[in-house]
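**Student:** Predicted model and sequence below, questions to follow.
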Amino acid sequence: MAFAAAVSVTSAPLPVVRAAVRAVPLFIAAQPRAPPVVS
């Protein structure tokens, strides 16, 4: 992940890098996980 990010920063134009940085938290939030326990 870090290597891919470093490559994108060095080879991709800035708008693409910004879009990728914004997409990472959304991608992480979209990952399936156990539902929270409602007490």
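**Tutor:** The structure has been received and is ready for your questions.

**Student:** what are the ranges of the helices in this structure?
**Tutor:** With DSSP state H as the criterion, the chain has helices at 2-11, 14-29.

**Student:** taking the mean pLDDT, what do you get for the first one?
**Tutor:** Which is helix 2-11. Helix 2-11 carries an average pLDDT of 62.

**Student:** Repeat that for the longest one.
**Tutor:** For helix 14-29, mean pLDDT rounds to 81.

**Student:** Tell me, how many residues neighbour V38?
**Tutor:** Counted with other Cβ atoms under 10 Å, the neighbours of V38 add up to 4. Every C-beta, even on glycine, is put in place using the N, C-alpha and C of the backbone.

**Student:** what's the pLDDT at it?
**Tutor:** V38 is given a pLDDT of 70.

**Student:** now it: how far from P32?
**Tutor:** 18 Å (Cβ to Cβ, to the nearest Å).

**Student:** can you check V24 too?
**Tutor:** For V24, the distance to P32 equals 17 Å [Cβ to Cβ].

**Student:** Which of these two has more residues huddled nearby?
**Tutor:** Neighbour totals were compared for V24 and P32, and V24 leads with 11 against 5 (other Cβ under 10 Å).

**Student:** what's that one in contact with, if anything?
**Tutor:** With contact set as Cβ atoms under 8 Å, 6 or more residues apart in numbering, V24 has no partners.

**Student:** What distance do you get for P25 to Q31?
**Tutor:** 11 Å.

**Student:** So which of the two has more stuff around it?
**Tutor:** P25 (9 against 6).

**Student:** How many residues are close by A20?
**Tutor:** 15.

**Student:** now V17
**Tutor:** Applying other Cβ under 10 Å, we find 15 residues neighbouring V17.

**Student:** How about the one 5 residues further on?
**Tutor:** R22 is flanked by 10 other residues according to other Cβ under 10 Å.
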